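In: below are the sequence and a predicted model for it; my questions follow.
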Amino acid sequence: EDKMTVKIVPLKEALEITSESNDPEKNTVRFFVRNNVNADFKNLKINFSSALFNLENQKFDLEAYSTKIFDVPVEDLNKIEAGSYIVDGLVEVVSGNGDIGGKIYIGEKQGIETTESNEGIIIRENKIVKTNIGNVVEEVNIVVEKGAFSRLFTTFNVEPNAVTRDSWKVSYIWNKKLGPVETFEVVAKTNYILPLLVFIAAGFLVFGFKKFYSKKIEVVKSVSPVRTKGGQFALRVKINIKAKDNVQNVSLVDKIPAVVKVHEKFDTIKPDKVDLKNRRIEWNFGDLAAGEERAISYIVYSSIGVVGRFALPSAVVVFERESEIHEVESNHVYFLSEQVLE
């Protein structure tokens, strides 16, 4: 009597989903459905689902120990992290339904893309961007170096993980793990506006000191009110000249405002010339040695009352020094309500 042995194999063991390593650059996933038993499957209908794709209503026959290949387009596969992904299959056969499963493997691709830009002059911006163009997690490092001076005016969009110093150089270091398609951006801004303003102010200060101390003659003009018996408007004009170095052929010219007259009496040194037509008074002092001074004082008056601010022009001193002619002006003065402001 012949005997026949029948082995019942569950569907999930009879049919298996598997794959080799898929190249992420191809944007196509290849996987297989393998028949592991010595039996043919007719009119299979399978709906596949995974985190990468959904593939429905796949109808086919599968002979004993044979394999069916599936190629499925997957958009931006190169941006998906490498590794294994579960695929489920809902199988419909004549005898009923069942589930099968397996894994799809995505191969590794490594790559970090770096872009760097520098913009601006007074406000200098240095931007460094690291992008993971692979499909595995990678650690990136960014280093920004600054001098001991420029670092004082530099700020960052992200705080560095570490700071090292080497003599006059300071290095700022960032470390970060990036997944596929992730980016890491560091922006360093160095603002030179403040040091530039300080430099300009210092320049003006030095220029002012240099100009002040380079003057060979100092001329100071002042005015003060004078009381008169008739109540006329009158001012005493004083001009003081001091030589800071040996100078020759020194002369002083002072202009007379149009609304006033010059009193004929001069308190100190009489002028060499009073030009009423051009309204100028001139003194000639000859040569002056360093430290030597001359003081001029005279009175101007007017029978017409002056209301408000009364301005007087600057006095001018002309002299020679080492065969060159120089000209120096005094300060500006004006009279207002018995006050003299300079």
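Out: Arrived safely, thanks for sending.

In: next, count neighbours for Ala201.
Out: The local packing of Ala201 (other Cβ atoms under 10 Å) involves 10 other residues. The way it works is simple: take the backbone N, C-alpha and C, and place the C-beta from them, glycine included.

In: assign it to helix, strand or coil.
Out: The assignment at Ala201 comes out as helix when based on DSSP: H, G, I helix; E, B strand; the rest coil.

In: do you know how far it is from Pro257?
Out: Distance of Ala201 to Pro257, given as Cβ to Cβ, to the nearest Å: 37 Å.

In: any low-confidence regions in the protein?
Out: 1-7, 208-214, 305-307, 337-342 (pLDDT under 70).

In: and it, what are its domains?
Out: 11-106, 112-194, 214-341 (automatic domain parsing).

In: Leu205: which of these is closest?
Out: domain 214-341 (14.5 Å; Cβ to Cβ).

In: now the strands for the stretch 1-150 of the chain?
Out: 15-18, 21-22, 28-35, 41-50, 54-62, 67-73, 83-93, 96-106, 112-119, 123-132, 138-147 (DSSP state E, counting those that start in this stretch).

In: go on, the stretch 201-342 of the chain?
Out: Going by DSSP E, counting those that start in this stretch, the stretch 201-342 of the chain shows strands at 217-225, 233-243, 247-255, 261-266, 273-275, 280-288, 293-302, 310-312, 316-321, 324-329, 333-336, 339-341.

In: of all these, which one is nearest Glu92?
Out: Closest of these to Glu92 is strand 339-341, at 105.3 Å (criterion: Cβ to Cβ).

In: centroid-nearest residue for the chain?
Out: Nearest to the mean C-alpha position of the chain, counting by Cα atoms, centre = their mean, stands Ile123 at 3.2 Å.

In: once you drop chain neighbours, what's closest to that one?
Out: Distances taken as Cβ to Cβ, 6 or more residues apart in numbering put Asn191 closest to Ile123, at 5.2 Å, once the chain neighbours are dropped.

In: counting neighbours, what do you get for the one you found?
Out: Asn191 is flanked by 16 other residues according to other Cβ under 10 Å.

In: ok, it touching Ser150?
Out: No - between Asn191 and Ser150 there is no contact under Cβ atoms under 8 Å: 10.0 Å.

In: and for those two, which residues touch both?
Out: Common neighbours of Asn191 and Ser150 (criterion: Cβ atoms under 8 Å, 6 or more residues apart in numbering): none identified.

In: next, give phi and psi for the nearest residue to Ser303 once chain neighbours are set aside.
Out: Of all residues beyond its chain neighbours, the one nearest Ser303 is Gln232 (5.6 Å), with distances taken as Cβ to Cβ, 6+ apart. Per-residue torsions, Gln232: phi -70, psi 160 (degrees, to the nearest 10).

In: spit out the contact partners of Gln232.
Out: Counting by Cβ under 8 Å, 6+ apart, Gln232 touches 301-303.

In: with Val93 instead?
Out: By Cβ under 8 Å, 6+ apart, the residues touching Val93 are 11, 41, 43-45.

In: for these, work out which two are farthest apart.
Out: Leu11 and Asn43 (14.4 Å).

In: which one's more surrounded, these two?
Out: Using other Cβ under 10 Å as the criterion, Leu11 and Asn43 rank with Leu11 on top: 17 against 10.

In: from Asn97, how far out is that one?
Out: 9 Å.

In: make TSV from the contacts of Val93 and add distance to Leu252 to it.
Out: Converted to TSV, those look like this (distance: Cβ to Cβ, whole Å):
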residue	distance to Leu252
Leu11	121
Phe41	123
Asn43	123
Leu44	119
Lys45	117
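
In: export the strands of the stretch 201-342 of the chain as CSV, with columns for distance to Tyr85 and mean neighbour count.
Out: Below are these laid out as CSV (distance: least, Cβ to Cβ, whole Å; neighbours: other Cβ atoms under 10 Å):
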stretch, distance to Tyr85, mean neighbour count
strand 217-225, 90, 17
strand 233-243, 95, 19
strand 247-255, 96, 18
strand 261-266, 107, 13
strand 273-275, 106, 13
strand 280-288, 100, 17
strand 293-302, 99, 17
strand 310-312, 91, 17
strand 316-321, 93, 18
strand 324-329, 89, 12
strand 333-336, 90, 16
strand 339-341, 87, 11
